[in-house]
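1. Okay, predicted coordinates and the sequence, questions at the end:
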Amino acid sequence: MHSTTIPIVPLKVATAIEGDGMGCHSGGEAMLAAAKSAGKSEVLDRYAADYPKDPKAGPHDQPQSMCPAFGSLRVGLRMRRTMTILSGSACCVYGLTFTSHFYGARRSVGYVPFNSESLVTGKLFEDIREAVHQQADPTKYDAIVIINLCVPTASGVPLQILPKEINGVRIIGIDVPGFGVPTHAEAKDVLAGAMLKYARAEIQAGPVQAPRAGRSTKPTITLLGEMFPADPMIIGMMLEPMGLAAGPVVPTREWRELYAALDCAAVAAIHPFYTASVREFEAAGRTVVGSAPVGHDGTEAWLQAIGNATNVAQVQIDAAKNRMLPAIKGALAKMPIKGRITLSGYEGSELLVGRLLVESGADLRYVGTACPRTVWSDADRQWLEAKGVHVQFRASLEQDLAAMHEWKPDLAIGTTPVVQAAKEQCTPALYFTNLISARPLMGPAGAGSLATVINAAIGNKARFDAMKDFFGGTGSAHAAGVWEASSGIPQDRPEFKAEQRRLAVKAAKKRKAEEMI
């Protein structure tokens, strides 16, 4: 193992764990400034372009989702023969590891610990490099992924100078800070895009490994974005009359699938926010088609767009439509949804679910997504807006709650805090990630998959009213719980809260002034 001189960049601001000692809680602006001073400007500028958000947005004018790094970690953990190592604060690593196993990870997460000394002297990078060399066993792994979380990114830990390959094992180092990548959905694209870039370079250098099941005998359509396992098979059935086949789903489950994904006739951006991945496909000369085959209208438009992108004869495109559209229309008519709905989530498929709800007969008033608006979501946005649905990109929790309060839906579909707020108001609610996005959405199967669970939830309104009547004597907010009047009921103290906020603001201004000295 040869040694490498690690450049130590003098910082004009405190490192991420210096200063007031708040570490990764020191705030996005402070960590962003530290990262740029530590040599991370290029990667952060790229993230700002790929995953845009309003630069004037306040702390509540942006999505509130889980730690973004979970998206990249999930992609790595779902791949065969791939090891994932985290570099970050121990509390963050614990939370990410816990969440990974909660969602079914069946392998260990690597971790390189650090302290203030190893961080500022460059010893952390040396420890990461040593760990990578120790784990680079080609009999076990095709690739090792190293993810910098907030503090190492803010302190400039240079993963980009790690070896690109050790003993035949590919080394992928990425920065996924919460202050640079807005959502965990977009963090999936950070790693998927980095892997596609590496794989594309391998293809350009010479022959690569064939897919496990061999190359397809038909031109393929790569599917961009995680989806329910049955959806790729349904899409394959739709494509068959056009002489096409469904290709790999990106993020892939194995490294060799990346080659097959790039070896496609066109790319279907099922999830429209994979900007880095799209860049690699376009660099490989592949056409990217937005939207997805959901509902009757969505399927008809998508089949036409895919056929046009792959130069399929119109007679074959029509054959595909004639095979699928009547079945979809029949499924929609058989399983109608009746009721007013608001919809929000942070997975990236919210607009597709919204289209399916509208075609199922639902009175959908609002769709909020934590992901940004892109050209690949324009068709879905335009269709929904033409149906009178308000579409909110980069939706915050406050916007989702405001929509629910304004429209007073029969059912609120959303993230955990939205569902909690809805149930407090005796409004039936469903968690988007586990109960809605974890279902088939494409073709005839998708057309009938949502109605049963949604109609059942809407029908539970009476149960909520009964529970409200039963527990009506319990308190809420500052007086939550059951209290005896003789012992006293907790009183709200707004003046105390206001004073504590004033002191906190004063302390923050003092810290800021001290940093400028």
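-> It's in.
2. In the stretch 351-500 of the chain, where is pLDDT below threshold?
-> 473 (pLDDT under 70).
3. which stretches of it form strands?
-> Along the stretch 351-500 of the chain, counting by DSSP state E, counting those that start in this stretch, strands occupy 363-369, 390-393, 411-414, 429-431.
4. and for the last one, what are the contacting residues?
-> Okay, so that is strand 429-431. 411-416, 418-419, 422-423, 436, 453-454, 457 (CB atoms under 8 Å, 6 or more residues apart in numbering). For glycine as for every other residue, the C-beta is placed from the backbone atoms N, C-alpha and C.
5. Show the buried residues in those.
-> For the contacts of strand 429-431, a neighbour count by 16 or more other CB atoms under 10 Å gives the buried set as 411-415, 418-419, 422, 436, 454, 457.
6. Turn the residues you listed into a markdown table, columns for distance to Leu224.
-> Formatted as a markdown table, those follow (distance: CB to CB, whole Å):
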| residue | distance to Leu224 |
| --- | --- |
| Leu411 | 30 |
| Ala412 | 29 |
| Ile413 | 24 |
| Gly414 | 25 |
| Thr415 | 23 |
| Val418 | 27 |
| Val419 | 28 |
| Ala422 | 32 |
| Ile436 | 20 |
| Ile454 | 27 |
| Ala457 | 30 |
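7. which of those residues lies closest to Ala362?
-> Ile454 (7.5 Å; CB to CB).
8. That closest one reaches Ala362, doesn't it?
-> Yes - contact status for Ile454 versus Ala362: in contact at 7.5 Å, counting by CB atoms under 8 Å.
9. Give the intersection of the neighbour lists for these two.
-> By CB under 8 Å, 6+ apart, the residues touching both Ile454 and Ala362 are 337, 339, 341.
10. and which of the residues you listed is nearest Thr183?
-> Ile341 (22.6 Å).
11. roughly how far apart are the closest one and Met242?
-> Using CB to CB, to the nearest Å, one gets 34 Å for the distance from Ile341 to Met242.
12. Compare the two and say which is more crowded by neighbours.
-> Ile341 (26 against 23; other CB atoms under 10 Å).
13. May I have stretch 366-375 as CSV, with CA atoms only?
-> Once non-C-alpha atoms are left out, stretch 366-375 reads as follows in CSV (Å, rounded to 0.1, in the frame of the first residue of the first chain):
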residue,chain,number,x,y,z
TYR,A,366,-53.8,18.8,-4.1
VAL,A,367,-50.6,16.9,-4.9
GLY,A,368,-47.5,17.8,-3.0
THR,A,369,-44.1,16.3,-3.7
ALA,A,370,-40.8,17.0,-2.0
CYS,A,371,-39.0,16.5,-5.3
PRO,A,372,-38.3,19.4,-7.8
ARG,A,373,-40.1,20.2,-11.0
THR,A,374,-38.2,18.8,-14.0
VAL,A,375,-38.9,18.5,-17.8
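14. Give me the distance between the closest residue to His390 other than its chain neighbours and Ser291.
-> Leaving out its chain neighbours, the residue that sits closest to His390 by CB to CB, 6 or more residues apart in numbering is Tyr366, at 5.0 Å. With the distance defined as CB to CB, Tyr366 ends up 20 Å from Ser291.
15. thinking again about what came up before, show me which pair in the contacts of strand 429-431 is furthest apart.
-> Thr416 and Ile454 (18.2 Å).
16. hang on, the earlier thing: which one among the buried ones among the contacts of strand 429-431 gets closest to Arg253?
-> Ile436 (23.1 Å).
17. Now do the contacts for the closest one.
-> Each residue near Ile436 by CB under 8 Å, 6+ apart is listed here: 345, 353, 413, 430, 450, 453.
18. go with 10 Å
-> 343, 345, 347, 349-350, 353, 356-357, 413-414, 430, 449-450, 453-454 (CB atoms under 10 Å, 6 or more residues apart in numbering).
19. Leu343 now?
-> 350-351, 353-354, 357, 362, 364-369, 389, 400, 403, 409, 411-414, 418, 430, 432, 436 are the contacts of Leu343 under CB under 10 Å, 6+ apart.
20. cool, and Tyr51?
-> 68, 180-183, 185-187, 189-190, 273, 275-276, 371-372, 374, 394 are the contacts of Tyr51 under CB under 10 Å, 6+ apart.
21. and if we set it to 7 Å?
-> Tyr51 is in contact with 181-182, 186, 275, 372, counting by CB atoms under 7 Å, 6 or more residues apart in numbering.
22. Just the pLDDT for it.
-> As predicted, Tyr51 sits at a pLDDT of 92.
23. The helix or strand harbouring Leu32 packs against which elements?
-> Leu32 is part of helix 28-35, with elements assigned from DSSP states H and E. When contacts are defined as 3 or more CB pairs under 7 Å, 6 or more residues apart in numbering; DSSP states H and E, helix 28-35 sits against helix 150-154.
24. For the helix it packs on, enumerate the helices and strands it packs against.
-> Against helix 150-154 (3+ CB pairs under 7 Å, 6+ apart) you get helix 28-35.
25. Let me know the average pLDDT across the helix it packs on.
-> Helix 28-35 carries an average pLDDT of 71.
26. Can you point out the buried residues in whichever helix or strand comes after it?
-> Next in sequence after helix 28-35, counting helices and strands by DSSP H and E, comes helix 41-50. By neighbour count on 16+ other CB under 10 Å, the buried set for helix 41-50 is 43-44, 46-47, 50.
27. Spatially central, which residue of this protein would that be?
-> Ala185 (0.9 Å; CA atoms, centre = their mean).
28. quick one: contacts for the closest residue to Asp50 other than its chain neighbours?
-> Excluding the flanking residues, the one nearest Asp50 by CB to CB, 6+ apart is Thr275, at 4.2 Å. Shown in contact with Thr275 (CB under 7 Å, 6+ apart): 50-51, 189, 374.
29. Reformat these as CSV; add distance to Ala445.
-> Supplementary listing: the contacts of Thr275 in CSV, determined by distance: CB to CB, whole Å:
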residue, distance to Ala445
Asp50, 33
Tyr51, 31
Asp189, 26
Thr374, 26
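30. from these, which single one is nearest Leu73?
-> Asp189 (13.6 Å).
31. so how far is Thr474 from the closest one?
-> As judged by CB to CB, Asp189 and Thr474 stand 44 Å apart.
32. now do Ala402
-> 26 Å.
33. So between the two, which is more surrounded?
-> With neighbours defined as other CB under 10 Å, Ala402 and Thr474 compare such that Ala402 has more, 15 against 11.
34. Just the shared contacts of Ile454 and Ala362: which are in strands?
-> Ile341 (DSSP state E).
35. As TSV, the shared contacts of Ile454 and Ala362 with distance to Ile166 and pLDDT would be great.
-> Formatted as TSV, the shared contacts of Ile454 and Ala362 follow (distance: CB to CB, whole Å; pLDDT from 0 to 100):
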residue	distance to Ile166	pLDDT
Ile337	54	94
Gly339	57	95
Ile341	51	97
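36. Present the shared contacts of Ile454 and Ala362 as JSON lines; the columns should include distance to Val132.
-> Below are the shared contacts of Ile454 and Ala362 laid out as JSON lines (distance: CB to CB, whole Å):
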{"residue": "Ile337", "distance to Val132": "51"}
{"residue": "Gly339", "distance to Val132": "53"}
{"residue": "Ile341", "distance to Val132": "48"}
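37. Mind pulling up the pLDDT for Phe102?
-> pLDDT, Phe102: 82.
38. hang on, the earlier thing: buried residues in the helix holding Leu32, which are they?
-> 30-35.
39. repeat for stretch 96-105
-> Buried-residue list, stretch 96-105, by 16+ other CB under 10 Å: 96-97, 99-100, 105.
40. Give the residue spans of the stretch 1-150 of the chain that score low on pLDDT.
-> Ranges of the stretch 1-150 of the chain meeting pLDDT under 70: 1-29, 38, 55-64.
41. Can you identify each of the helices in it by residue range?
-> 28-35, 41-50, 69-77, 90-102, 116-121, 123-135, 150-154 (DSSP state H, counting those that start in this stretch).
42. Might one say that Leu356 is in contact with Asp297?
-> No - counting by CB atoms under 7 Å, Leu356 does not reach Asp297; the two are 10.4 Å apart.
43. who's more crowded, these two?
-> Between Leu356 and Asp297, counted using other CB under 10 Å, the more crowded position is Leu356 (29 against 16).
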